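Chemist: give me coordinates for this.
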Amino acid sequence: MSAAPVNLKTNLWGIFWACLSTSLGGTTVVFTRMIIEDTEPLSLTAIRYGGAAIILLGFMVAKIRLPIFARKDLAALTLIGAVMFAAFPFFMATALADTTAARGGLLFATMPLITMSMAALFGVERLTLLKVVAVLTAIVGTMIALGENVEDIAPHALRGDMYMFLGMLCASSFNVFSGKYLIRYGNLPVMIFTMLVGVSLLFILAMFIESPFSGSLEFDLTGWFIVFLLTVPGGALMMFSWGQALQRITPTQAAITVGLNPVTAIFLAAWLLFEPITARVVIGFFLIFAAILLANYRQHRTGAIPTRD
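Modeler: Sure, this is the predicted structure:
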């Protein structure tokens, strides 16, 4: 009699942590859009993820025994880190210099479906008719939302959308190929190692390309406060929350909450950036969110538990 309430409580906490993480992810889209014109993508992402990595590393050292990675896994983990924590944030920051926060948030919401498609392509996950319908539904929703004319506030929006899509490909690659390492070593150790790899690469590139200490990181007080929001709640807390969620619920359950990302981004952008909430954006969001639910419907019915993070 006592097991059911415990499982229910665990699931509820897992859903809470997942919702918190994806909602924070939506805020990072808006805050990046607010500050990217005052800096450079490499410098901003290096500072953001560097600070987040230091915070999480300190937490891990205090709470968890440091893992020893097998030599045969180091090359793969290094490549995963470069893709997820160097290429992905660079493409995202570059995208938000051109496209709107609302469009960026909507494209972010397609990540679970891109992940699913890549997993099927590489034989990690079986592609079903429901999943095909879900992908097609998401494509229609994305086309409707991105068909909005935003030239008055984002004249190069399509270029930014392309960069955001490349970022989603990078994030989806992490989702598909990091699963066995997350199982082998644990969520937080793999996240921190791969983040440190990506941050190191970002710092090296920023030093040669952007001169981060002589212009591209000169913010006013408001700018540094936004950097703080991107680093602490939007970096360390967002990743910690995602790890907490995956300890309690399946990755499939957690992925459904990604739909909160564009909700947060759209409404926060309307409030802070005065971006309009149009019918096309709303329709596109609901179609993408429906696609995510559709893609995961059968897994919930059968109780399948994916192995990726």
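Chemist: the one helix or strand Leu260 maps to packs against which elements?
Modeler: Applying DSSP states H and E as the criterion places Leu260 in helix 260-272. Applying 3 or more C-beta pairs under 8 Å, 6 or more residues apart in numbering; DSSP states H and E, we find helix 260-272 packed against helix 3-35, helix 101-108, helix 279-302. Yep, even glycine has a C-beta here, placed from its N, CA and C like the rest.
Chemist: how about the ones you listed, which one is nearest Leu246?
Modeler: helix 3-35 (7.9 Å; C-beta to C-beta).
Chemist: any idea where the strands of the stretch 51-200 of the chain begin and end?
Modeler: For the stretch 51-200 of the chain, strands defined by DSSP state E, counting those that start in this stretch do not occur.
Chemist: and the helices in it?
Modeler: 71-82, 88-95, 101-108, 111-121, 129-146, 157-177, 179-185, 187-209 (DSSP state H, counting those that start in this stretch).
Chemist: one step back: highest mean neighbour count out of the helices and strands packed on helix 260-272?
Modeler: Each of those was scored by mean neighbour count; the highest is helix 101-108, a mean of 29, by mean count of other C-beta atoms under 10 Å.
Chemist: run through who's touching it.
Modeler: The contact list for helix 101-108 (C-beta atoms under 8 Å, 6 or more residues apart in numbering) reads 25-26, 29-30, 33, 92, 95-96, 141-142, 145-146, 148, 150, 154, 157, 160-161, 164-165, 168, 258, 261-266, 268-270, 273, 275, 277, 281, 284-285, 288.
Chemist: which of the residues you listed are buried?
Modeler: For the contacts of helix 101-108, a burial check counting by 16 or more other C-beta atoms under 10 Å picks out 25-26, 29-30, 33, 92, 95-96, 141-142, 145-146, 148, 150, 154, 157, 160-161, 164, 168, 258, 261-266, 268-270, 275, 281, 284-285, 288.
Chemist: quick one on the thing from earlier: let's have the helices of the stretch 51-200 of the chain in TSV, adding mean pLDDT and distance to Ile47.
Modeler: Shown next, in TSV, are the helices of the stretch 51-200 of the chain (pLDDT from 0 to 100; distance: least, C-beta to C-beta, whole Å):
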stretch	mean pLDDT	distance to Ile47
helix 71-82	94	17
helix 88-95	91	11
helix 101-108	83	20
helix 111-121	81	24
helix 129-146	78	30
helix 157-177	88	18
helix 179-185	82	26
helix 187-209	87	9
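Chemist: out of those, which is closest to Thr39?
Modeler: helix 88-95 (8.7 Å).
Chemist: what is that closest one packed up against?
Modeler: helix 3-35, helix 41-63, helix 101-108, helix 157-177, helix 187-209.
Chemist: nearest residue to Cys19 in space, please, no chain neighbours.
Modeler: Thr257 (5.0 Å; C-beta to C-beta, 6 or more residues apart in numbering).
Chemist: give the contact list for the one you found.
Modeler: Contacts of Thr257 (C-beta under 8 Å, 6+ apart): 15, 18-19, 21-22, 245.
Chemist: could you dump those residues to TSV with distance to Gly81?
Modeler: Output for the contacts of Thr257, formatted as TSV (distance: C-beta to C-beta, whole Å):
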residue	distance to Gly81
Ile15	28
Ala18	23
Cys19	27
Ser21	19
Thr22	22
Ala245	21
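Chemist: just put these in CSV and tack on pLDDT and distance to Ile204.
Modeler: Shown next, in CSV, are these (pLDDT from 0 to 100; distance: C-beta to C-beta, whole Å):
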residue, pLDDT, distance to Ile204
Ile15, 81, 39
Ala18, 84, 33
Cys19, 87, 36
Ser21, 90, 29
Thr22, 87, 31
Ala245, 80, 32
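Chemist: just these now: which is nearest Met239?
Modeler: When the contacts of Thr257 are compared against Met239 (criterion: C-beta to C-beta), the nearest one is Ser21, at 7.5 Å.
Chemist: and stretch 179-192, how far apart are its ends?
Modeler: 15 Å (C-alpha to C-alpha, to the nearest Å).
Chemist: mind listing what's buried along that stretch?
Modeler: 179, 181-182, 185-192.
Chemist: so what does Glu40 look like in phi/psi?
Modeler: The phi and psi values for Glu40, taken as degrees, to the nearest 10, are phi -120, psi 150.
Chemist: hang on, it packs against Met207?
Modeler: No - Glu40 is beyond contact range of Met207, at 11.6 Å (criterion: C-beta atoms under 8 Å).
Chemist: of those two, which one has the most company?
Modeler: Using other C-beta atoms under 10 Å as the criterion, Glu40 and Met207 rank with Glu40 on top: 21 against 14.
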